[in-house]
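[1] Fold the following for me, if possible:
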Amino acid sequence: MSGTLVGYARCSTDEQDLTAQRQRLAELGVDADRIYLDHGLTGTKRTRPGLDQALAAVRTGDTLVVPKLDRLARSVPDARAIGDDLAERGVALSLGGQVYDPADPMGKMFFNILATFAEFEVDLLRMRTREGMAVAKAKGKLRGKQPKLSPKQQTELRRMHDSGDYTITDLTELFSVSRPTVYRTLQRGQSSQAE
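    Residues are numbered from 1 along each chain as shown. Here you go, the predicted structure:
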């Protein structure tokens, strides 16, 4: 690989760690100050600050190094668009140490297969998530966000409010909740009385 090596790493959630990807990029010869990161951003989003910086940092003759293709893109069109853009600019793309050559039919096929698998993984994850939510909902375990106050606390809050002796600010302080929570509790009380 000639020119400057520019690395890119990404993880989808804030709980995930980028250490393994950084180590892999270092093993592939990328200097630490040439590694661009996106933390807590999914690969299905095309606009990512770290990726934009990495793409802006590479020049003709440079190589963009990514630990795996699914870190770069999670859809076939997006992966192709990035790969084609880099090729047009004369920038090589290294996927885990394997340089992708868009002019080589085998390289192009391999790249497309990897992109298809990355997209397939995302689709499977979405499908499993939807199935899991449907099962939880059917079992009554997916009820949405629960009220911050117990039924007894809600009744007491409404009683205190209706007495006229307490302001909304007083109630937020007494029950240690936000103003919207107080308003929602009062609204719930009104709608249940209307029924």
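[2] When you work out contacts or count neighbours from here on, use the C-alpha atoms and nothing else.
    OK.
[3] For the lengthiest helix in the chain, name the packing helices and strands.
    Criterion DSSP state H: the longest helix present in the chain is helix 105-138. Counting contacts by 3 or more C-alpha pairs under 8 Å, 6 or more residues apart in numbering; DSSP states H and E, helix 105-138 packs against helix 69-72, helix 76-88, strand 98-100.
[4] right, so these: which one is the most enclosed?
    helix 69-72 (a mean of 22; mean count of other C-alpha atoms under 10 Å).
[5] Pull the residues that contact that helix.
    Helix 69-72 has contacts (C-alpha atoms under 8 Å, 6 or more residues apart in numbering) with 8-11, 43, 51, 66, 79, 95, 114-115, 118.
[6] ok, the residue nearest to Tyr8 when sequence neighbours are not counted to Gly7 distance?
    Nearest residue to Tyr8, sequence neighbours excluded (C-alpha to C-alpha, 6 or more residues apart in numbering): Tyr36, at 4.9 Å. Using C-alpha to C-alpha, to the nearest Å, Tyr36 is found at 6 Å from Gly7.
[7] quick one: which of these two has more around it?
    Gly7 (31 against 20; other C-alpha atoms under 10 Å).
[8] Can you name every helix or strand that the following helix or strand past the longest helix of the chain contacts?
    The helix or strand immediately downstream of helix 105-138 is helix 151-163, counting by DSSP states H and E. Using 3+ C-alpha pairs under 8 Å, 6+ apart as the contact test, the elements touching helix 151-163 are helix 168-175, helix 179-194.
[9] For Thr167, report the pLDDT, please.
    The confidence metric pLDDT takes the value 92 at Thr167.
[10] Let me know how buried it is, in neighbour terms.
    Thr167 has 11 neighbouring residues, counting by other C-alpha under 10 Å.
[11] How about it, nearest residue that isn't a chain neighbour?
    His161 (7.0 Å).
[12] ok, now which ones touch the one you found?
    167-168, 171.
[13] ok, those vs Gln190, which is closest?
    Proximity of these to Gln190 (C-alpha to C-alpha) peaks at Ile168, which lies at 15.9 Å.
[14] hang on, isn't the closest one packed against Pro180?
    No. Here Ile168 does not reach Pro180: they are 9.8 Å apart, not a contact under C-alpha atoms under 8 Å.
[15] Just want to know which of the two has more residues nearby.
    Ile168 (15 against 11).
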